[in-house]
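S.K.: got a sequence here, can you model it:
(one chain, ligands or ions: 2)
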Amino acid sequence: MSNTRVAVIGAAGRMGATVCAAVEGADDLELVGRYDAGDDLGDLGGADVVVEFTVPASSPANVRRALALGADVVVGTTGWSSERVAALEADLAGFPGRGVLIAPNFAIGAILMMEFARKAAAFYESVEVIELHHPNKVDAPSGTAARTSALIAAARTEAGLPAVPDATTDDPDGARGARVDGIPTHAVRLRGLVAHQEVLFGGEGEMLTIRHDSFDRVCFMPGVLTAVRRIGDHPGVTVGLEHYLGL
Ligand SMILES: NC(=O)C1=CN([C@@H]2O[C@H](COP(=O)(O)OP(=O)(O)OC[C@H]3O[C@@H](n4cnc5c(N)ncnc54)[C@H](OP(=O)(O)O)[C@@H]3O)[C@@H](O)[C@H]2O)C=CC1
Ligand SMILES: O=C(O)C1=N[C@H](C(=O)O)C[C@H](O)C1
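M.R.: Ligands and ions are numbered 1, 2, ... in the order given. Next comes the predicted model:
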């Protein structure tokens with residue numbers, strides 16, 4: 001069987017460069033193109049699969065370009081709101097058989113953290129999400145935190161839980177953080193960090209903390225390579241690598 005041809009958009013970035021090295025190290029994959037800001041995407045090297053790690057403002061146009069060239073697309077870039085996903089789903093009708101995976105986080109531990117948080121959500125009155133990242137990150141809250149909060153909110157609604165209790169009436173500086181689907185969601189930016197998240201659940205007399213730490217971007221690579229290898233089996237738009245992992 002011939003190797004899968006892979007192009008990377010955002011190839012000079014922290015994630016893109018790590019993905020290029022991972023693809024080059026895989027016997028069954030061939031890196032056919034590296035593209036970064038200002039580059040002409042051309043025919044994307046004739047890639048079968050395009051991996052996209054850029055910035056939220058550029059990601060949708062890059063995905064559409066890759067689809068138009070006949071490639072499947074693995075997207076790691078954050079900022080894919082439900083409106084953006086819906087627009088992509090409508091566009092994808094014009095590209096039958098093509099697949100797009102939008103994964104807020106490719107690290108297995110982060111995927112499990114979200115799954116555990118979703119399971120715990122129905123059992124606790126209180127919950128807060130705290131994400132902590134390197135200070136070069138441009139978006140807040142992180143895509144992972146936004147997805148975690150959305151999953152928790154949906155699970156709470158399904159369980160018939162009311163809003164999280166919070167007596168705050170005076171918060172002129174936003175100290176209580178953002179609300180994502182009603183879930184308090186906080187962002188920390190600190191030199192020395194890579195990507196970290198805590199989900200705090202509180203009930204009468206107890207707290208459950210679920211924490212994940214990415215210490216090195218290599219932790220995302222098994223997930224990215226799995227996505228590249230399996231995307232051909234997943235036409236349409238998929239949000240979250242968990243759907244490729246049987247979770
Ligand atoms: N899903 C996951 O598991 C993970 C997702 N991420 C997400 O991936 C994205 C990238 O993160 P990171 O690598 O740290 O960021 P970087 O800023 O290091 O890399 C982004 C790269 O994309 C380039 N770029 C910007 N616009 C375009 C464009 N239109 N076409 C091609 N290239 C472009 C940038 O160039 P320039 O700097 O010159 O503008 C830069 O080289 C973020 O959204 C982040 O949240 C990060 C880690 C894991
Ligand atoms: O920008 C990052 O670094 C990361 N971005 C993703 C996010 O926003 O969730 C994934 C991970 O947290 C690293």
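S.K.: for the closest residue to ligand 1 within the chain, which residues are in contact?
M.R.: Sorted by distance to ligand 1 under CB to the nearest ligand atom, the residues of the chain start with Gly13, at 2.0 Å. Bear in mind the C-beta positions are built from the backbone N, C-alpha and C, glycine included. Residues in contact with Gly13 (CB atoms under 8 Å, 6 or more residues apart in numbering) are Asp36, Phe53, Thr54.
S.K.: return the members of those residues classed as buried.
M.R.: Phe53, Thr54 (16 or more other CB atoms under 10 Å).
S.K.: helices along this protein, start to end?
M.R.: With DSSP state H as the definition, the chain shows helices at residue ranges 14-24, 59-68, 82-92, 108-120, 143-159, 221-230.
S.K.: how about these in TSV, adding distance to Val8, mean pLDDT and mean neighbour count?
M.R.: As requested, these are arranged in TSV below (distance: least, CB to CB, whole Å; pLDDT from 0 to 100; neighbours: other CB atoms under 10 Å):
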stretch	distance to Val8	mean pLDDT	mean neighbour count
helix 14-24	5	98	19
helix 59-68	11	97	20
helix 82-92	20	95	14
helix 108-120	21	98	19
helix 143-159	19	98	21
helix 221-230	10	98	20
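S.K.: closest to Met207 out of the ones you listed?
M.R.: Within the helices of the chain, the stretch nearest Met207 is helix 108-120; the backing value is 11.3 Å (CB to CB).
S.K.: give me the distance from that closest one to the chain's centre.
M.R.: Per CA atoms, centre = their mean, to the nearest Å, the displacement of helix 108-120 from the mean C-alpha position of its chain is 13 Å.
S.K.: same check on stretch 54-69?
M.R.: Chain-centre distance of stretch 54-69: 15 Å, with CA atoms, centre = their mean.
S.K.: is any part of it close to ligand 1?
M.R.: Yes. On the criterion CB under 6 Å from any ligand atom, stretch 54-69 is in touch with ligand 1 at Thr54, Val55, Ser58, Asn62.
S.K.: count of neighbours near the third one?
M.R.: Right, Ser58. For Ser58, the number of neighbouring residues by other CB atoms under 10 Å comes to 15.
S.K.: tell me how far it lies from ligand 2.
M.R.: 15 Å (CB to the nearest ligand atom, to the nearest Å).
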